[in-house]
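I'd like to go over a predicted model; first the sequence, then the structure.
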Amino acid sequence: MVAPFDSVTTAHTKIRLPTAGDAAFVTAIENDADLKRFVGGPSGKSEECYRKSLGKPRDLWCLIVESLDWGVQIGRCGLMTPLTSDECEVHVILAKHHCGHGIGTEVALKLREIAEARFPNRFLTAKAHPENAPSLAIIAKLGFSADGTVISDSYDHGWLRFRRSLAPNHLILVRWKKPLAICHETTRHNPQQRLLCVFHQLQVLHFPVRFCAVDHGRADEWGF
């Protein structure tokens, strides 16, 4: 079941849970061949099908984007959090006449904030068709790193994958030769400290590190 969530706002939009009353709008977006050209193509699902699923939201996979100026639906977005994965996939799709005005980026950044607050132990991911320039531009603004291509038997085969940590900015994850440790990033340079900072002995997980200090591999000696 979805954790308590009503709505959040950005400068120009309101992002809220869907209701059965959004079925007609979602059906129109999901079956727009031009809009879905690089987003999997038309779903072929009926309005009745969407009415049933939207009436009982179980997670944040489908959220409605409304215009604050006009109070009408202008898109949908969401965060997909599979139970069998450590990932949280972000996606945004807007009605055609609302594309190209920075709203997609605005919504995606707000979704990143939600993900950081609700799923800090997951990795935020995204995927996009190699020719989907608008989506790739938004992804570039969210701080993702390239993560290869999608290998699947579905429509997304060959799409580009992206990934970034949702851990707080002041923490980095490093894998020491023995256990996995969580260490604070540091720039302290006290020569008396028993520090070992050898990057070739560390396997950094998916995001860059400027400096990593480990006291003989024991982060707990620093009171963490």
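Structure received.

use CA for all of it now, contacts and neighbours both
Will do.

got phi/psi on residue 127?
Main-chain torsions, residue 127, degrees, to the nearest 10: phi -140, psi 150.

got any ranges where the protein has weak pLDDT?
1-4, 168-224 (pLDDT under 70).

domains of it: list them as residue ranges, please.
By the record's domain assignment, the chain is partitioned as 7-165, 171-222 (automatic domain parsing).

among those domains, show me which one is buried the most.
Stretch with highest mean neighbour count among the domains of the chain: domain 7-165 (a mean of 17; mean count of other CA atoms under 10 Å).

residues contacting residue 110?
Under the criterion of CA atoms under 8 Å, 6 or more residues apart in numbering, the neighbours of residue 110 are residue 10.

quick one: what helix or strand has it in it?
helix 103-118 (DSSP states H and E).

now residue 40
For residue 40, there is no host helix or strand (DSSP H and E).

measure the nearest residue to it once chain neighbours are set aside to residue 83 for me?
Among residues not flanking residue 40 along the chain, residue 155 sits closest, at 5.7 Å (CA to CA, 6 or more residues apart in numbering). Computed as CA to CA, to the nearest Å, the residue 155 to residue 83 distance reads 22 Å.

list phi and psi for residue 139.
In terms of degrees, to the nearest 10, the main-chain angles of residue 139 are phi -60, psi -40.
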